[in-house]
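Trainee: Would you be able to build a 3D model of this:
(chains A and B)
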Amino acid sequence: MLRFLVPLGIFAALVAFLWVGLGKDPSLVPSPLIGKPAPAFRVAQLHDANSQIGSADMLGKVWLLNVWASWCASCRHEHPLFMELARARLVPIYGLNYKDKREDGVNWLSQLGDPYVVSAFDADGRVGIDYGVYGVPETYVIDRQGIIRYKHVGPVTMEALQTKILPLVKELEKI
Amino acid sequence: MKQLFGTLFLATLLWASSPLAVAGEAQLVAEDPVLEKRVMALAEELRCLKCQNNTLADSPSELAHDLLREIRTLMQSGKSDAEVVAYLVDRYGEYVRFRPSMNQTTVLLWFGPLILLVGGAIVLLIVMVRRRKRIAASVPLSDAERTRAAMLLNNRTNDGERETGA
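Mentor: Residues are numbered from 1 along each chain as shown, chains lettered A, B, ... in the order given. The predicted structure follows:
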């Protein structure tokens, strides 16, 4: 009996592993930056080329960094959710306008509304590379000490916001 | 008319194959062919996260393009290949390597096949030893049984011959 059960057991385990693997989204790559200090940046603001914005300015508060671009269709998709979030004033959202034309970015926000406290302007994508951005939109949760706590790849959904991001923000704000 | 088309066709061919048409790409390589070779050699080892089965060298995505530029800048500032790879792994994770490095999480990946092979060999060895023991332990045939077996075997071959003979 055992000589049949052992191979069958091994086979079942293999099937289970492959089955779980099938359900995973291969485009989601875990970020090595979780739990590490957010890469420092200081770049011009989208709306004002003469003023700068840097990651150090946000130290002391829990904030979201949302990487977006006017050419990115999924950004348009998640945008209403960010508008709602901004209106609810639950957490400050900072934008990183990634590889965009200044004019296009400004127009996009004036047409659809601007949920961001400030948008940083990353014309050549250097800041994006430091953050390991590989698909816009991406959203980071950063704590008071400037540590990245969570990264969401792709458009933020209501579900992700309610089950992951907002509970985490609440948690981090207690510390 | 036909002649005119012929000349036009030739002219188009000549124009398309002229060095002017590829000047934009050629220029970069011409700047520093040694460095460019190093960049592309390393890029063959790195995964483009945008189109994951492509290397940075052959991915057409803009991200790959930007990362190649970044690698070029890093190498120009005197960074070694290992330092450049570490720079990318710090930002994009171990997954950017097509050949994963050896560490705690990748030990099974590296040695899994070897463990399976050795495990299989051990199982095979056990099965063979057991079989040999079983054969050795079985009671040998008596003389009477041996003659009977030989007779049965002979009959069988005779039967065969008769059939083919008929």
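Trainee: Show me the longest helix that occurs in chain B.
Mentor: Secondary structure of chain B per DSSP state H: the longest helix is helix B:107-137.
Trainee: now swap in chain A and tell me
Mentor: helix A:2-22.
Trainee: List the buried residues for the helix or strand that that helix is followed by?
Mentor: Per DSSP states H and E, the first helix or strand lying C-terminal to helix A:2-22 is strand A:42-44. By 16 or more other Cβ atoms under 10 Å in any protein chain shown, the buried positions in strand A:42-44 come out as A:43-44. Every residue, glycine included, has its C-beta placed from N, CA and C.
Trainee: do strand A:42-44 and chain B meet?
Mentor: No: with Cβ under 8 Å from any Cβ of the partner chain as the criterion, chain B is not reached by strand A:42-44; the gap is at least 15.6 Å.
Trainee: which helices and strands does that strand pack with?
Mentor: strand A:52-54, strand A:119-122 (3 or more Cβ pairs under 8 Å, 6 or more residues apart in numbering or on different chains; DSSP states H and E).
Trainee: Could you pull up the mean pLDDT of the shortest one?
Mentor: Per-residue pLDDT values across strand A:52-54 average out to 94.
Trainee: Can you list the neighbours in contact with stretch A:28-35?
Mentor: A:39, A:131-132, A:134, A:147-151, A:153, B:49, B:89-95 (Cβ atoms under 8 Å, 6 or more residues apart in numbering or on different chains).
Trainee: Just the buried subset of those, written out for ChimeraX, thanks.
Mentor: Applying 16+ other Cβ under 10 Å to the contacts of stretch A:28-35, the buried members can be selected in ChimeraX as follows:
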select /A:39,131,132,134,148,149,150,151,153 /B:49,89,91,92,93,95
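Trainee: Among the contacts of stretch A:28-35, which ones are in strands?
Mentor: A:148-151, A:153 (DSSP state E).
Trainee: for those, which one is nearest A:Leu166?
Mentor: For the ones in strands among the contacts of stretch A:28-35, the closest approach to A:Leu166 (Cβ to Cβ) belongs to A:Tyr150, at 10.9 Å.
Trainee: Now do the domain split for chain B, please.
Mentor: B:2-101, B:106-165 (automatic domain parsing).
Trainee: Figure out how far the last one is from the centre of its chain.
Mentor: Domain B:106-165 sits 37 Å away from the centroid of its parent chain (Cα atoms, centre = their mean, to the nearest Å).
Trainee: Need the nearest residue in space to the residue nearest the centre of chain A, chain neighbours excluded.
Mentor: Closest to where the C-alpha atoms of chain A average out (Cα atoms, centre = their mean) is A:Thr139, at 1.2 Å. Leaving aside its sequence neighbours, A:Thr139 sits nearest to A:His152 (Cβ to Cβ, 6 or more residues apart in numbering or on different chains; 4.4 Å).
Trainee: what's near enough to touch the one you found?
Mentor: A:138-140, A:160, A:164-165.
Trainee: Take these and keep only those in helices.
Mentor: Reading helices off those with DSSP H, I get A:Ala160.
Trainee: of the contacts of A:His152, buried ones?
Mentor: Buried among the contacts of A:His152 by 16+ other Cβ under 10 Å: A:138-140, A:160, A:165.
Trainee: Let me know the secondary structure of the closest residue to A:Ser119 other than its chain neighbours.
Mentor: Distances taken as Cβ to Cβ, 6+ apart place A:Gly95 nearest to A:Ser119, at 3.4 Å, with adjacent residues excluded. Put simply, A:Gly95 is strand when judged by DSSP: H, G, I helix; E, B strand; the rest coil.
Trainee: and the residue sitting furthest away from the middle of chain B, what helix or strand is that in?
Mentor: Farthest-out residue of chain B from its mean C-alpha position, per Cα atoms, centre = their mean: B:Ala144, at 61.0 Å. Taking DSSP H and E as the criterion, B:Ala144 maps to helix B:143-165.
Trainee: From chain B, how far off is the residue nearest to the centre of chain A?
Mentor: As defined by Cβ to the nearest Cβ, to the nearest Å, A:Thr139 lies at a distance of 17 Å from chain B.
Trainee: Show me what from chain A comes close to chain B.
Mentor: So chain A meets chain B at A:26-27, A:29-33, A:39, A:99, A:124-126, A:128-132, A:134-135 (Cβ under 8 Å from any Cβ).
Trainee: Just the buried subset of those, written out for ChimeraX, thanks.
Mentor: The following ChimeraX line selects those of the residues of chain A next to chain B that are buried, judged by 16+ other Cβ under 10 Å:
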select /A:29,31,32,33,39,99,125,128,129,130,131,132,134,135
